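>>> kindly return the folded structure for what I paste below:
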Amino acid sequence: MNQSDKLQKQTSAHLFNVDILVQGDSNAIAMERLLHALNQAGFADFRIQSGIELGRLIETLETSAANKPKDTKASKAGQKAEAAAAAPESNLTFSTERIKACIAENRLIRLTANKGFGKKLSMPCRIINLDEASQMITVYHVDEKQVYAFTLLEIEEFV
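Residues are numbered from 1 along each chain as shown. A predicted model of the protein is given here:
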């Protein structure tokens, strides 16, 4: 094999900066579509530099907590009544706080989800996004290199 044959067999790598518009009902669903398309295309590597709306809810909660005035006795009584009414939602709130912590730490977790009809999925994954408005969670399966979206009600546990 001569030198010109070696040069013809080698492939070159090229880097492109591209803006892609992906439509979806939420940022999480659009990101899932984009990552699926990029993974299926067989690119050597890719990096998403913008458009990810992670941590926006945390920032909003932190700024609203900082702007909140000091409690008075009347507002404390109102908060006790609200806490009693929100007791069933406290478990969901606890779960969303744990999910937000996993997102912030980019923690590897094992998620168990019930997809219905007796189908359960158990997967090692990282949580990419949590959309509290639609109660959707987007996760990246580290073994399959696929992105999945679940509703919070489908999730049985995550460790």
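>>> can you pull out the helices in this protein?
Per DSSP state H, the chain carries helices over the ranges 3-9, 27-41, 56-67, 73-85, 87-105.
>>> weakest of the ones you listed by average pLDDT?
Comparing the helices of the chain by mean pLDDT, the weakest confidence falls on helix 73-85, with a mean of 48.
>>> confidence score at the residue nearest the centre of the chain?
The C-alpha lying nearest the average C-alpha coordinate of the chain belongs to N129 (CA atoms, centre = their mean; 1.8 Å). Confidence per residue is given as pLDDT, and for N129 that number is 92.
>>> thinking it is in contact with I103, fair?
Yes. Applying CB atoms under 8 Å as the test, N129 and I103 come out as touching, 7.3 Å apart. Using the backbone N, CA and C atoms, a C-beta is placed for each residue, glycine as well.
>>> rewinding a little: what bridges to the residue nearest to the centre of the chain?
Partner residues in beta bridges with N129, using DSSP bridges, are T138.
>>> any idea how far it lies from E97?
15 Å (CB to CB, to the nearest Å).
>>> same deal with A133?
Looking at A133 against E97, where the rule is CB to CB, the gap reads 16 Å.
>>> so between these two, which is more surrounded?
Per other CB atoms under 10 Å, whichever of A133 and E97 has more neighbours is E97, with 12 against 7.
>>> and that one, how far is that from I127?
E97 sits 13 Å away from I127, taking CB to CB as the criterion.
>>> tell me the bridge partners for V147.
What pairs with V147, by the bridge criterion (DSSP bridges), is Y140.
>>> run a quick neighbour tally on it.
Using other CB under 10 Å, the number of residues around V147 comes to 22.
>>> residue contacts, it?
Shown here is V147, whose contacts under the criterion CB atoms under 8 Å, 6 or more residues apart in numbering are M31, E32, L35, H36, N39, I128, T138, V139, Y140, H141.
>>> if we use 7 Å, what do you get?
Residues near V147 by CB atoms under 7 Å, 6 or more residues apart in numbering: E32, L35, H36, I128, T138, Y140.
>>> determine which two of these are furthest apart.
Distance extremes for the contacts of V147: the farthest pair is H36 and I128 at 12.4 Å, using CB to CB.
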